[in-house]
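Asks: Need a 3D model of the following:
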Amino acid sequence: MDPTKITDFLKLSSEQLLGLLVFCTLVLGFVTLGADQVLEPLGLDGFRKDYLPWLGIGFVLSASLLLVRLLFLVSRWVLSKITQRRRIKTMRTRLHGLTPGEKQVLRKFFTNNSITSDFSLSDGVAQRLVFERILFRTPNTQGSAYSFPHNIQPWAWNYLQEHPELLTGEGPS
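Replies: Numbering: from 1, shown residues only. Just a heads-up that it's a prediction; the model follows:
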């Protein structure tokens with residue numbers, strides 16, 4: 001058997017593998033159930049007898065490859081959620097160590113009860129919060145001649161609403 005044909009088979013899409021799995025399952029199911037009355041009218045009786053070992057291999061291989069793809073997707077999703085939770089936990093910890101200048105910048109959002117506030121690109125404190133992904137500059141917009149709208153990240157907005165003491169200087173800082 002040509003090895004390139006095997007690697008071509010391994011490159012099948014998930015939809016193609018699923019179709020192969022369903023086909024093999026149906027034909028193998030009819031074999032085990034002895035449903036010759038179903039296979040004969042479809043002209044698959046001889047096919048089943050001639051290709052039974054290949055159907056078994058196709059079933060096992062397609063099921064295995066689909067399972068591996070599913071496990072890979074699930075593990076990637078789980079790892080992304082774990083990474084996201086760790087990142088947010090680290091960022092929340094960062095909010096407990098805000099400097100007085102950073103508190104002043106963030107208070108502006110809550111004073112105006114808005115997730116958007118204008119800051120100059122030369123405002124080092126605001127740009128540090130952008131760098132640390134607590135704020136972000138809204139794309140393709142400009143406020144006044146020297147300022148640009150910045151939004152507070154939703155996770156930071158929610159956390160600071162739950163812990164307003166982080167902006168007042170009360171509690172841990």
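Asks: From here on, just use CA atoms for contacts and neighbour counts.
Replies: Fine.
Asks: got the contact list for residue 119?
Replies: Residue 119 sits next to 126, 147-150 when contact means Cα atoms under 8 Å, 6 or more residues apart in numbering.
Asks: List buried residues within these.
Replies: Neighbour-count burial within the contacts of residue 119 applies to 126, 147-150; the criterion is 16 or more other Cα atoms under 10 Å.
Asks: and residue 54, what element?
Replies: Assessed by DSSP states H and E, residue 54 sits inside helix 45-95.
Asks: any idea how far the residue nearest the centre of the chain lies from residue 129?
Replies: Nearest to the mean C-alpha position of the chain, by Cα atoms, centre = their mean, lies residue 77 at 5.4 Å. Using Cα to Cα, to the nearest Å, one obtains 28 Å as the distance from residue 77 to residue 129.
Asks: before we move on, what about residue 135?
Replies: 6 Å.
Asks: Please say which of the two ends up with more neighbours.
Replies: In this view residue 135 and residue 129 are compared by other Cα atoms under 10 Å, and residue 135 has more residues nearby, 23 against 17.
Asks: May I have the residues that are in contact with that one?
Replies: Contacts of residue 135 (Cα under 8 Å, 6+ apart): 126, 129, 150-153.
Asks: Next, count neighbours for residue 90.
Replies: Residue 90 - counted by other Cα under 10 Å - has 11 other residues nearby.
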